[in-house]
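>>> let's see this in three dimensions:
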Amino acid sequence: MSQELFPQQQKIRRAELISPPNRLKEKVGSGGIDEAVLMKAQELLEKNTINFEPIANMLLDLLVEAIADAKAGTTKGEEAIEAMIYPAMQMKAQGSMFHYPLISDISHILVNFLETVEDMDRDVLDIVVAHKMSIKAVLASHLKGDGGKTGKELREALMEACGRYYRNKKH
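Numbering: from 1, shown residues only. You can find the predicted model right below:
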């Protein structure tokens, strides 16, 4: 998926990984990583047998909690959005590594959407819930890989929901 899913929308916040300076590397200098080491790492990732479902369900629980807090008014605005971005970013980063690229794709859409919304409202919550339900369905179906036709339709439906939100907010 492209990095910017909603290029016509201005980002209000950036959900990105911030890497602090690596002082040791600065002193030692940089060099390449042995190709054999990279191939071995790739092989380990491909043969990875760790069950991602409990990890994803734990992250989904965090998202569910963030949704409930926003609905109850316990968290509002930026705090509510940030509470939802965190588990979405984690699922985006980890899904593909554990053979669930569809979860990474769905989470990527959600993160990009949350980066562009100005404030938390009922429509935003509905879209976040739709993403949560989609991820839950992927996990319940043990749908590894890109999900084929179903995965494509799911991604398109979520993108369209976000598009409707933007179109409605312009009025």
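>>> from here on, contacts and neighbour counts on C-alpha atoms
Noted.
>>> next structured bit after the host helix or strand of Lys71?
Lys71 belongs to helix 52-72 when assigned by DSSP states H and E. Heading C-terminal from helix 52-72, the first helix or strand you meet, by DSSP H and E, is helix 77-95.
>>> any regions of the protein where pLDDT drops low?
1-3, 16-19, 22-31, 45, 48, 171 (pLDDT under 70).
>>> any chance you could map the strands in it?
If DSSP state E is used as the criterion, the chain turns out to lack strands entirely.
>>> residue contacts, the residue nearest in space to the middle of the chain?
For the chain, Ser107 is the residue whose C-alpha lies nearest the centre (CA atoms, centre = their mean; 2.6 Å). For Ser107, the contact set (CA atoms under 8 Å, 6 or more residues apart in numbering) comprises 88-89, 91-92, 131.
>>> list the buried residues of stretch 138-150.
By neighbour count, with 16 or more other CA atoms under 10 Å as the criterion, the buried positions of stretch 138-150 are 138-139, 143-144, 146-147.
>>> helices along this structure, start to end?
23-28, 35-46, 52-72, 77-95, 101-116, 122-140, 148-169 (DSSP state H).
>>> tell me which of those lies nearest to Arg13.
helix 101-116 (5.0 Å; CA to CA).
>>> and the closest one with helix 77-95, angle?
Interaxial angle of helix 101-116 relative to helix 77-95 (axes from the mean of the first three to the mean of the last three CA atoms, to 10 degrees): 160 degrees.
>>> quick one, helix 101-116 and helix 122-140 angle?
In this structure, helix 101-116 runs at an angle of 170 degrees to helix 122-140, with the same axes, to 10 degrees as the basis.
>>> next, the angle helix 52-72 makes with helix 101-116.
Using the same axes, to 10 degrees, one finds that helix 101-116 and helix 52-72 are set 30 degrees apart in direction.
>>> distance to Glu118 added to the buried residues of stretch 138-150, as JSON lines?
Listed next are the buried residues of stretch 138-150 as JSON lines, based on distance: CA to CA, whole Å:
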{"residue": "Val138", "distance to Glu118": "29"}
{"residue": "Leu139", "distance to Glu118": "30"}
{"residue": "Leu143", "distance to Glu118": "33"}
{"residue": "Lys144", "distance to Glu118": "33"}
{"residue": "Asp146", "distance to Glu118": "31"}
{"residue": "Gly147", "distance to Glu118": "31"}
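>>> between which two of those is the distance greatest?
Pairwise distances among these were taken by CA to CA; the largest, 12.6 Å, belongs to Leu139 and Asp146.
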